[in-house]
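Colleague: got a predicted structure here, sequence first:
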Amino acid sequence: MFLDEKSIEVASGKGGGGICSFRREKHVPLGGPDGGDGGKGGSVYLRANEQYTTLLDMGNAYRYVAEAGAPGETANRTGRGGKDVYVNVPRGTVVRDGEGRILTDLTEAGSVWLAAQGGAGGLGNTRFATAANRAPKQRTSGKPGEKRILSLELKLMADVGLVGFPNAGKSSLVRKISSAKPKVADYPFTTLEPVLGIVQSKNRSFVVADIPGLIEGASEGRGLGHRFLKHIERTRALLFVIDGFEEKAWKSYCTLKKELEAFHPKLLEKKFVVALNKSDLGILKAKKEFAKHKQEIIETCALSGEGCADLAKALGELVYANEKKEWR
């Protein structure tokens, strides 16, 4: 099951109160103040965990509460601080407040963001001692912690996003070029959630995301794809998978680009490869149409694997073209 949106409540701990205390020592009838400060309340942090692939990995917990700080102690001892709480989320999680404003975007593995600051500890009476007031009885309570509702939205961190209409053969192609095993059947919409797969090409590897099939009007909320278009925003490259056996293959390609542009114009600025799939069924007409418009294609057959090695190589070169980052 795939989960890419979730709301949580975070609450940091209250600071411990300072205490009012005086020394009681043998042969010292008028001991001075020795009330310690309260401990700091625990904070709540969100941490990007590369082992998590969906918000479902967070479990069913909705509320995350940090521990309160302990009261101060005698002998000027500060109370114990409350334990912090670290909430693991998938890499690529966008955090928003109740009004929809983006607070942070956890794109780097291990990155940490303070979601709720723990309350400060109160002051003990020792803090209020002066030359004029040697036996102060003042003390302060600990500060309350923060509490708020956060909206989490996951945008997958993949190198290549696959886009195409239902039954274009995306899932079959992903099974051939990567380690992923999405469901494959002879009816549309077999892919109901994004699927990540690692592609190995020689000594190189990169991540592809199979996005559920789009339909015309997806950018306006039609079909399944509109929920998942956001997952290709972070990709470095796109792979258009076109059914080459379809009568209007070129039109399908143009419609896909139109939907991406309507959703976010910058998506069309990404590098891309066009795979003309189902070459075993005869795609001569489609090839001529794409050649007429001077659009390069890679012929593939997900059933036999023909052209898949060339496709993986082309995608790898596209992903890491002019990149200083080494292949993973």
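Modeller: Thanks, I have the structure now.
Colleague: and the next helix or strand past the lowest-mean-pLDDT helix or strand in the chain?
Modeller: Sorting the helices and strands of the chain by mean pLDDT, DSSP states H and E puts strand 195-201 at the bottom, at a mean of 79. Note on strand 195-201: by DSSP states H and E, the next helix or strand toward the C-terminus is strand 204-210.
Colleague: contacting residues around that next one?
Modeller: 156-162, 170-171, 174, 177-178, 180, 182, 191, 194-199, 231-232, 235, 239, 315-316, 319-320, 327-328 (C-beta atoms under 8 Å, 6 or more residues apart in numbering). C-beta here means a position set from N, CA and C on the backbone, and glycine is covered the same way.
Colleague: quick one: strands adjacent to the helix or strand following it?
Modeller: Note on strand 204-210: by DSSP H and E, the next helix or strand toward the C-terminus is strand 237-243. Strand pairing for strand 237-243, determined by DSSP bridges: strand 160-163 (parallel), strand 271-277 (parallel).
Colleague: how distant is stretch 135-151 from the center of its chain?
Modeller: Distance, stretch centre to chain centre, for stretch 135-151: 32 Å (C-alpha atoms, centre = their mean, to the nearest Å).
Colleague: Ser21 touches Gly31, doesn't it?
Modeller: No: using C-beta atoms under 8 Å as the test, Ser21 is too far from Gly31 to be in contact (9.7 Å).
Colleague: coming back round to it: narrow the contacts of strand 204-210 to just the buried residues.
Modeller: 156-162, 170-171, 174, 177-178, 180, 182, 191, 194-197, 199, 231-232, 235, 239, 315-316, 319-320 (16 or more other C-beta atoms under 10 Å).
Colleague: on that earlier part again, most packed of the strands paired with strand 237-243?
Modeller: Among these, strand 160-163 has the highest mean neighbour count (mean count of other C-beta atoms under 10 Å), at a mean of 28.
Colleague: ok and whichever helix or strand comes after that one relative to strand 237-243, angle-wise?
Modeller: Sequence-wise, the next helix or strand downstream of strand 160-163 (DSSP H and E) is helix 170-177. Between helix 170-177 and strand 237-243, the angle comes out at 120 degrees (axes from the mean of the first three to the mean of the last three C-alpha atoms, to 10 degrees).
Colleague: show the average pLDDT along the longest helix anywhere in the chain.
Modeller: The single longest helix within the chain, with elements called by DSSP state H, is helix 249-263. The average pLDDT within helix 249-263 is 89.
Colleague: alpha carbons only: can I get it in PDB?
Modeller: The C-alpha coordinates for helix 249-263 follow below in PDB (Å, rounded to 0.1, in the frame of the first residue of the first chain):
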ATOM      1  CA  ALA A 249       0.700   7.200 -31.100                       C
ATOM      2  CA  TRP A 250       2.000  10.700 -32.000                       C
ATOM      3  CA  LYS A 251      -1.200  12.300 -30.700                       C
ATOM      4  CA  SER A 252      -0.900  10.300 -27.400                       C
ATOM      5  CA  TYR A 253       2.600  11.600 -27.000                       C
ATOM      6  CA  CYS A 254       1.500  15.200 -27.600                       C
ATOM      7  CA  THR A 255      -1.400  14.800 -25.100                       C
ATOM      8  CA  LEU A 256       1.000  13.600 -22.400                       C
ATOM      9  CA  LYS A 257       3.200  16.600 -22.900                       C
ATOM     10  CA  LYS A 258       0.200  18.800 -22.800                       C
ATOM     11  CA  GLU A 259      -0.900  17.300 -19.400                       C
ATOM     12  CA  LEU A 260       2.500  17.700 -17.900                       C
ATOM     13  CA  GLU A 261       2.700  21.400 -19.000                       C
ATOM     14  CA  ALA A 262      -0.800  22.000 -17.600                       C
ATOM     15  CA  PHE A 263       0.300  20.500 -14.200                       C
END
